[in-house]
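# Need a 3D model of the sequence below.
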Amino acid sequence: VSLSVVGDPDRFAHDFFTLQTGEGKNGQNELKENKGVLITRKMADLLHVKKGDKIRLQIQESEEDIGEERENKKEEKETIRVRVAGIVENYFNHYVFMSQEEYRSLTGRKQESSEINTVLLKYRKGLSQAEQLKDSGKLATASEVSSYERIGIYRQQIENSLMGVNAAVMIIIVAAGALACVVLFNLTNMNISERNRELATLRVLGFHIGETSSYVTREGIFMTVTGILGGLAAGRWMLIWLMKTVEADNVMFGRNASLRSYLIATALTFFVSLLVNRMVTKMIRKMDMVTSLKAVE
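Numbering: from 1, shown residues only. Next comes the predicted model:
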């Protein structure tokens, strides 16, 4: 877990971290008002804590003790109890965000003793990839820098790993569409087989092909609407369960489906239903009315 003591919450949230809470608010307000700390959602899930709870932080720092003959380095661990002021969205690693004033009041450290050990850099717009790599090489080899990380590299690695997942999702979507088509067609075909005489009678009485087919397709549309409503409700629960199942301890995937996703799923299901209805209409048009009327029930 990384503890970030933020000096300027507004600039920090604008340029580096999107401190967006689950309530749709900006977390930097809690930092500026010194209401407590902000933790990432994945960390909150693992610790089973919510807003308003208190957690213990064990802060580990290194101090140099210069002796008469050599310089010794000892580790000091300090445990503090803090209130969770908010839970923010973050999808990689675990972070705790705290204002400088909150940190000093909890640890009793003065401003002079709080040293900066991490610098966040943001490349200006228009900087080429070659220039970024050149600057990265300088920072990585500088003696004053102990470690250097580029967020863009992690993003590219995650995007590459998700390409296979996207392909699997497309296969599942196509398979689900084919399954829906087969199920609807079989149910409608059974319905037609059981009502051959009724449909033939309607045709003989002068009903148009559209009116006759609607006698069967209405039930298919009803089943489609029922399946869509049930699928949208169950799909929300399945999305949350699936994302939690495939996540690693330091990674969180998005668990919210946009309105666009629901609309696309609904449109695809209706498209499959309309395709089946077209096939049913052709079947009714080719129906042998004489044979159907002679059939014994």
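
# ranges for the helices of this protein?
Taking DSSP state H to define them, one finds helices in the chain at 9-15, 28-32, 41-47, 100-107, 129-141, 151-194, 196-204, 209-246, 259-285, 289-294.

# Please identify the deepest-packed of the ones you listed.
Using mean count of other C-beta atoms under 10 Å, the stretch among those with the largest mean neighbour count is helix 28-32, at a mean of 21. C-betas here are computed from N, CA, C, even on glycine.

# Could you point out which residue ranges in the stretch 101-250 of the chain have low pLDDT?
Across the stretch 101-250 of the chain, the ranges flagged by pLDDT under 70 are 109-115, 202-203.

# hmm, try it at 80
105-158, 161-162, 164-165, 191-217, 219, 246-250 (pLDDT under 80).

# so which of the helices of the chain comes closest to residue 122?
helix 9-15 (5.4 Å; C-beta to C-beta).

# what's that closest one packed up against?
Here helix 9-15 touches helix 28-32, going by 3 or more C-beta pairs under 8 Å, 6 or more residues apart in numbering; DSSP states H and E.

# what about residue 257, how many residues close to it?
14 (other C-beta atoms under 10 Å).

# ok, it - contacts?
235-236, 239 (C-beta atoms under 8 Å, 6 or more residues apart in numbering).

# one step back: got TSV for the helices of the chain, with distance to residue 57 too?
Formatted as TSV, the helices of the chain follow (distance: least, C-beta to C-beta, whole Å):
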stretch	distance to residue 57
helix 9-15	19
helix 28-32	15
helix 41-47	11
helix 100-107	9
helix 129-141	29
helix 151-194	24
helix 196-204	73
helix 209-246	25
helix 259-285	38
helix 289-294	78
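
# Make sure residue 80 is actually in contact with residue 55.
No - using C-beta atoms under 8 Å, residue 80 makes no contact with residue 55, being 9.6 Å away.

# So for residue 118, which of the helices of the chain sits nearest?
helix 9-15 (11.7 Å).

# and that closest one, what's its mean pLDDT?
Across helix 9-15, the average pLDDT comes to 75.

# quick one, phi/psi of the residue lying closest to residue 239 once chain neighbours are set aside?
Nearest non-adjacent residue to residue 239, counting by C-beta to C-beta, 6 or more residues apart in numbering: residue 257, 5.8 Å away. The phi/psi pair for residue 257 (degrees, to the nearest 10) reads phi -90, psi 130.

# ok, back up a step: point out the one among the helices of the chain that comes closest to residue 87.
Using C-beta to C-beta, the helices of the chain put helix 41-47 closest to residue 87, at 4.8 Å.

# ok so, going back, and the residue nearest to residue 239, what pLDDT?
Note on residue 257: pLDDT of 80.

# got it, and residue 270?
90.

# With residue 30 instead?
Looking at residue 30, the pLDDT reads 64.

# cool, and residue 262?
As predicted, residue 262 sits at a pLDDT of 90.

# roughly how far apart are it and residue 240?
According to C-beta to C-beta, to the nearest Å, residue 262 and residue 240 sit 15 Å apart.

# From the recorded domain assignment, give the ranges for the chain.
What automatic domain parsing lists as the domains of the chain is 2-123, 159-294.

# Correct me if wrong: residue 255 contacts residue 239.
Yes - if you go by C-beta under 8 Å, residue 255 and residue 239 touch, sitting 6.5 Å apart.

# I'd like to know how far the residue nearest the centre of the chain sits from residue 94.
Geometric centre of the chain, nearest residue: residue 254, 1.2 Å, by C-alpha atoms, centre = their mean. Between residue 254 and residue 94 the computed distance is 17 Å (C-beta to C-beta).

# Chain neighbours aside, what residue packs nearest to residue 224?
Leaving aside its chain neighbours, residue 224 sits nearest to residue 273 (4.2 Å; criterion: C-beta to C-beta, 6+ apart).

# which residues touch the one you found?
184, 220-221, 224.

# Would you point out the most distant pair within those?
184 and 221 (10.0 Å).

# picking up where we left off before, just the contacts of residue 273 now: which is nearest residue 39?
residue 224 (43.9 Å).

# That closest one contacts residue 270, correct?
Yes - the pair residue 224 / residue 270 is scored as a contact, 6.7 Å apart, by C-beta under 8 Å.

# Quick check: residue 44 touching residue 84?
Yes - with contact defined as C-beta under 8 Å, residue 44 reaches residue 84; the gap is 7.4 Å.

# Need the residues touching each of these two.
Both residue 44 and residue 84 are in contact with residue 50, where contact means C-beta under 8 Å, 6+ apart.

# any idea how far residue 195 is from residue 226?
Going from residue 195 to residue 226 by C-beta to C-beta gives 21 Å.
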